[in-house]
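Engineer: Fold the following and give me the result.
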Amino acid sequence: MHHPIISSNTYKSLRQRLKEHLPSGSVAILVANDIMPTNADGTMPYMPNKDIVYLTGVDQEETVLILFPDAVNPQNREILLIRETNEHIARWEGEKLTKEQARELTGIQNVQWRTQLPRILKEVMAEAEFVYLNTNEHLRRDTQVISAEHRFALQLREEYPLHQYRRLSPIMHYLRSIKHPEEIEVMKKAAEINTAAYLRILRFLRPGVTEYQLQAEFIHEYLNSGASGFSYEPIIATGANACILHYIKNHSLVKDGDLVLFDVGCWYRHYASDVTRCFPANGTFDPRQRDVYNAVLYVQKEAMNMLRPGILLADYHKKVGVLMTEVLIDLHLITREDVEKQDTDWPAYKKYFMHGTSHFLGLDVHDVGLWHKPVEAGMVFTVEPGIYIPEEKLGIRIEDNILVTDDGYENFTAGIPKEIEDIESAMR
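Structural biologist: This next block holds a predicted model:
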């Protein structure tokens, strides 16, 4: 089985891309995420800072990365600080990276223990003029706690108030949105694993199973294939549940005649897949399901053809909205009179299709990227139109993961059936 990895040479080239965006006299400092608590003495599974993962491959807590291209001392141009391990940590938590292992993984030669950070900061800050720090600037963020990045920024500004501080996030958002060939190979592997899981579901799905049993089939395939788990809470929604956009209870019984919506993805080496399909529980679409499904599929195919280099995502979403308006009229869900009287801020089609069509995909499910800049070759997006009709207990969404190329796109998840004939054939 092929297991693609990202090499230390690639991490070096990704760091070099970042350095090329920094003006002379700049230092960039990135710090690891906190381990988040739950209740009592519990903690959540650790989620690393994906910018550090992108630049180094290191996914440990307490990591700090310092990039200072103009440092007088060549040793200070790249510094990686990691948590110092010991026998107690190794016994209770498992071994952490040694300095030599960190050098081999990242290609960074100056690796220090995290305890050396105050000393190193004094030396670096004495030379630097501009300090680039990171915070979470994702457009959909809804954070109720102060992150480690935010806390570090406040502390650094308190200790070194006269430096010129600048935002690293816009640079990282752009760099991460253009995927390196080795990143693409890892993402293809994530998609391959997800494809196998969906093919498994086509063989397992039938009336009388539960949503949680279907979820169990996914996680079995993921872990058995080398994925590390779900990349987000899986949505497995039968019948009317599919009209709840972020339905995650997954506790209902699948009934004969239901259409089941699956929105499920996996992590593979920190990269996400994110796919949606709708399958009939009994193996056959009824006439109304068929009509609505084919309408969504038509919009999805057209949308994938629109997502080309040069288009702005705002314009792309408007064009998809025009397409969706026409199919909803054909399905007798809205009328041309509705369209003529619509609120331009909330068009008529949004009654049945109220979410976006695409988002960046990569190290995060809703990955970072610059929404106000044109699409470029090398970006990876989801394409996921849907129609949700609560009064008919029918919700349909179809989602693939595509790489934008110079002359079109490559669909990573094309192996998961989505034509009605192929779905029904696979379920026989």
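Engineer: For stretch 202-222, which outside residues touch it?
Structural biologist: For stretch 202-222, the surrounding residues in contact (C-beta atoms under 8 Å, 6 or more residues apart in numbering) are 193-194, 196-197, 200-201, 228-230, 234, 236-238, 241, 249-258, 260, 262, 264, 266, 279, 281-283, 417, 423, 426-427. (C-beta placed from N, C-alpha, C; glycine too.)
Engineer: Tell me the buried residues in that stretch?
Structural biologist: By 16 or more other C-beta atoms under 10 Å, the buried positions in stretch 202-222 come out as Leu202, Leu205, Val209, Glu211, Leu214, Gln215, Glu217, Phe218, Ile219, Glu221, Tyr222.
Engineer: in stretch 258-277, what's buried?
Structural biologist: 258-277.
Engineer: Tell me which of those residues fall in strands.
Structural biologist: Of the buried residues of stretch 258-277, the ones assigned to strands by DSSP state E are 259-264, 266-268, 271-272, 275-277.
Engineer: What average pLDDT does stretch 323-333 get?
Structural biologist: What stretch 323-333 shows for mean pLDDT is 98.
Engineer: returning to that earlier point: buried among the contacts of stretch 202-222? Need that as a selection in PyMOL.
Structural biologist: Here is the PyMOL command that selects the buried residues among these (16+ other C-beta under 10 Å):
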select buried, resi 193+194+196+197+200+201+230+234+236+237+238+241+250+252+254+258+260+262+264+266+279+281+282+283+417+423+426+427
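Engineer: among the contacts of stretch 202-222, which are in strands?
Structural biologist: Per DSSP E, the contacts of stretch 202-222 map to strands at Gly229, Phe230, Ile236, Ala237, Thr238, Val260, Phe262, Val264, Cys266, Phe279.
Engineer: sorry, back to before: could you export the ones in strands among the buried residues of stretch 258-277 to JSON lines, including columns for distance to Asp41 and pLDDT?
Structural biologist: Listed next are those as JSON lines, based on distance: C-beta to C-beta, whole Å; pLDDT from 0 to 100:
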{"residue": "Leu259", "distance to Asp41": "44", "pLDDT": "98"}
{"residue": "Val260", "distance to Asp41": "39", "pLDDT": "98"}
{"residue": "Leu261", "distance to Asp41": "38", "pLDDT": "98"}
{"residue": "Phe262", "distance to Asp41": "36", "pLDDT": "98"}
{"residue": "Asp263", "distance to Asp41": "33", "pLDDT": "98"}
{"residue": "Val264", "distance to Asp41": "31", "pLDDT": "98"}
{"residue": "Cys266", "distance to Asp41": "29", "pLDDT": "98"}
{"residue": "Trp267", "distance to Asp41": "26", "pLDDT": "98"}
{"residue": "Tyr268", "distance to Asp41": "31", "pLDDT": "98"}
{"residue": "Tyr271", "distance to Asp41": "32", "pLDDT": "98"}
{"residue": "Ala272", "distance to Asp41": "30", "pLDDT": "98"}
{"residue": "Val275", "distance to Asp41": "36", "pLDDT": "98"}
{"residue": "Thr276", "distance to Asp41": "37", "pLDDT": "98"}
{"residue": "Arg277", "distance to Asp41": "40", "pLDDT": "98"}
